[in-house]
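need a 3D model of the sequence below.
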Amino acid sequence: MKHQPFIAAGILLLSSCTLNIKTTATADNPDTCDSTLQADCGTVSETGKDGDGQENTSDMQAAAGQIRHIYDELCKLYNAGKAEEFLNNEEQYLTVEFQNLYSQAKKVEEENQDYFFDWDFWISAQDYEDLKVTGVTTTEKPGNKAAADVTLINFGTPTHIHLILKYEKGKWLIDDFIFSDDETGSSLKQSMKDYIEDNE
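Residues are numbered from 1 along each chain as shown. You can find the predicted model right below:
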């Protein structure tokens with residue numbers, strides 16, 4: 001068994017993972033190529049501009065492919081006992097706004113000797129063993145955003161990691177982690193904002 005404190009760790013899917021992408025439906029058979037559902041079909045549904053004026057391939061195929069890449073790396077490194085290697089490079093997967101809030105919250109935590117980050121939000125757990133991703137679904141949202149659901153196997157039990165993605169600087173990045181212990185879900189970004197404000 002391995003123990004990892006709640007610090008942003010990179011998420012990567014195993015190369016053997018099954019990838020399902022959802023717009024209004026989910027592809028159940030990864031071997032059947034449907035350009036609206038499969039990430040490896042290589043088609044782009046629509047284009048636009050992001051906040052930096054760059055072309056935005058705002059399709060769910062690219063979003064799911066990026067999350068698959070992140071979680072492949074995470075699983076590989078965590079399972080090899082190299083979580084720190086992922087964590088040291090996690091900022092490349094996060095939006096600027098999330099990075100800024102995360103840095104501020106960690107600073108407040110250190111100053112107050114608190115334990116705000118007492119579990120690993122990348123895997124939604126404190127302990128882990130034999131991590132494996134079995135599926136990723138993505139759903140388009142307004143404003144160059146998307147929602148993603150990652151099914152992660154930990155200790156043989158599936159856990160759903162809910163993410164908000166944003167198309168920023170030419171790629172899909174993670175903008176928030178949503179924890180669904182209640183009916184509405186809890187935003188990590190909002191929790192960090194509240195923590196920072198409460199300790200000003």
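
so what touches stretch 92-110?
Residues from elsewhere that reach stretch 92-110 (CB atoms under 8 Å, 6 or more residues apart in numbering): 8, 10-11, 70, 91, 114-117, 166, 168, 173-176, 189, 192-193, 195-196, 199. The C-beta positions use only the backbone N, C-alpha and C, and glycine is treated the same way.

check contacts around the closest residue to S180 other than its chain neighbours.
Excluding the flanking residues, the one nearest S180 by CB to CB, 6 or more residues apart in numbering is H162, at 6.1 Å. Residues near H162 by CB under 8 Å, 6+ apart: A147, A148, D149, V150, F177, I178, F179, S180, G185.

give the other helices and strands that the lengthiest helix in the chain contacts.
Determined from DSSP state H, the single longest helix within the chain is helix 60-79. Applying 3 or more CB pairs under 8 Å, 6 or more residues apart in numbering; DSSP states H and E, one finds that helix 60-79 contacts helix 83-87, strand 132-141, strand 145-154, strand 157-168, strand 171-179.

angle of it against strand 145-154?
Helix 60-79 runs at 30 degrees relative to strand 145-154, counting by axes from the mean of the first three to the mean of the last three CA atoms, to 10 degrees.

what are the buried residues along helix 60-79?
By 16 or more other CB atoms under 10 Å, the buried positions in helix 60-79 come out as 60-68, 70-79.
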